[in-house]
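S.K.: below are the sequence and a predicted model; questions follow.
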Amino acid sequence: MNIATYAAHRQDFPAARLRADFPILQRSVRGHPLAYLDNAATTQKPQAVIDSESAYYREINANIHRGVHWLSEQATLAHENARERVREFINARETAEIVFVRGTTEAINLVAQSYGRANLGPGDEILITGLEHHSNIVPWQLLCQQTGAVLKVAEIDDTGTVRMEQFERLLGERTRLVAVAHVSNALGTINPVREMIDLAHARGVPVLVDGAQAVAHTPVDVQALGCDFYAFSGHKLYAPTGIGVLYGRRALLEAMPPWQGGGDMIRTVSFQGSTWNDLPHKFEAGTPHIAGAIGLGAAITYMQQVGVHNVAAYEHELLDYGTQLLTQIPGLRMIGTAQNKAGILSFVVDGLHAHDLGTVLDSQGVAIRAGHHCAMPVMEYFGVPATARASLALYNTREDLDRLAQALHQAVEMFC
Ligand code: PLP
């Protein structure tokens, strides 16, 4: 992502007007207007997404794919239209490459259990980085236990940047898969995924990108990236929980065995054996989260109307503003200072536990997250048990960050 190229878009970004699209942002919390800065955990939903989900239940609720009646036809159309919205959004070649799953976690587990178990054996290596979310660590550890494969980790440096010379060195004879975050949820670091993919591909190694923290904040083009798998969650993209996407290159998905068995993923079933449905249905056993997929389609339409490039530029400007404010707070240390960063402000304050900070901020209506952010190895690297984390979305304003800084100043005065 080259932020500079988006700079021209950011001047007139209508964040204040967009806030009106999100009903929850109109409410007050503990007697204060809500400053919601926990977007890396989950984003709030615009009215258009809420309406699309409830319209499905009100008007066309039916099970999909198998029905011959009108409602089922309408529900199937809406569900498959959402798949097309996703395809267009990430520029996949075809909808067959878009598998609906519960979220990033399920997408990565699917690849580990299907691609991984079919292609990895004892001594084979999976390469990840030191800034991964547990969702991009534990599925590979399970796979290693099952197959005898070995997990390799390219470390980060003190800014939270992956040591690329180490990444390159660890890409060896036995590397069978690379799995990297596009953006770190704990640090905000934007990994040079294109470069990582090129390095891996030069050695014939496929790459999975964990895009959970990227899709709502930067344009994603899976063909331009050249990745083999791309995983993301709807709920971090203004869509409902319980719906997400695994993009996979057709050739890989075709060759992979199904992961879960059940309805919809089969072509024929007999007691002698079964045959599999076409892509993407081969990986979608059982009744899916139909309303969620429709909501995801609506969220993508919303993002496209706002313009992902505009969002990227605007959030980057907010990030700079927030960084300036926070670095003026006595005793505050930023965790994650990579040069290429998305809208995540992770920090610790001398003498104050992150959870206490979170509680003080909450009393002012400022919602942030405190903890290990499902990235314990990152916490271990920086020698902290937890950080406080403010994370941005398109509806955040400078005022939200002013209130964050103000509440932090108060906390420091009160406790330090
Ligand atoms: N990967 C990253 C980088 C994340 O930030 C998260 C969630 O915070 C996940 C994976 C897991 O996403 P989900 O819980 O929606 O499956």
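M.R.: Everything's here; your move.

S.K.: only C-alpha atoms for contact and neighbour calcs from this point on.
M.R.: Will do.

S.K.: any idea how far the residue lying closest to residue 260 once chain neighbours are set aside is from residue 272?
M.R.: In space, and not counting its chain neighbours, residue 260 is closest to residue 285: 6.1 Å by CA to CA, 6 or more residues apart in numbering. Per CA to CA, to the nearest Å, residue 285 is found 20 Å from residue 272.

S.K.: for residue 53, same thing?
M.R.: 41 Å.

S.K.: picking up where we left off before, helix, strand, or coil at the residue nearest to residue 260?
M.R.: Secondary structure, DSSP: H, G, I helix; E, B strand; the rest coil: residue 285 is coil.

S.K.: contacting residues around it?
M.R.: Residue 285 makes contact with 260-265 under the criterion CA atoms under 8 Å, 6 or more residues apart in numbering.

S.K.: what's the pLDDT at it?
M.R.: With respect to pLDDT, residue 285 scores 97.

S.K.: check residue 101 too.
M.R.: pLDDT, read off for residue 101, is 98.

S.K.: was I right to think residue 416 contacts residue 351?
M.R.: Yes. Counting by CA atoms under 8 Å, residue 416 does reach residue 351; the two are 6.5 Å apart.

S.K.: hmm, back to that, and the contacts of residue 285, which is closest to the ligand?
M.R.: residue 260 (17.4 Å; CA to the nearest ligand atom).

S.K.: give the contact list for the residue nearest the centre of the chain.
M.R.: For the chain, residue 212 is the residue whose C-alpha lies nearest the centre (CA atoms, centre = their mean; 0.8 Å). By CA under 8 Å, 6+ apart, the contact list for residue 212 reads 104, 181-183, 231-233, 236.

S.K.: try 10 Å
M.R.: Contacts here follow CA atoms under 10 Å, 6 or more residues apart in numbering; on that basis residue 212 touches 40-41, 103-105, 133, 181-185, 230-237, 244-245.

S.K.: and residue 105, by the same measure?
M.R.: Taking CA under 10 Å, 6+ apart, one finds 133-136, 138-139, 210, 212, 231-233, 244-246 in contact with residue 105.

S.K.: and the stretch 151-300 of the chain, which residues reach the ligand?
M.R.: The stretch 151-300 of the chain comes close to the ligand at residues 181, 184-185, 210, 212-213, 233, as judged by CA under 6 Å from any ligand atom.

S.K.: farthest-separated two in those?
M.R.: Using CA to CA, those reach their maximum pairwise distance at 184 and 233, which is 14.4 Å.

S.K.: read off the pLDDT value for the closest residue to residue 45 other than its chain neighbours.
M.R.: Leaving aside its sequence neighbours, residue 45 sits nearest to residue 238 (CA to CA, 6+ apart; 4.8 Å). pLDDT for residue 238: 98.

S.K.: tell me, how many residues neighbour residue 238?
M.R.: Applying other CA atoms under 10 Å, we find 27 residues neighbouring residue 238.

S.K.: again with residue 363
M.R.: 14.

S.K.: same question, residue 293
M.R.: 32.

S.K.: and it, helix, strand or coil?
M.R.: helix.

S.K.: quick one on the thing from earlier: do you know how far the residue nearest to the centre of the chain is from residue 396?
M.R.: 19 Å.
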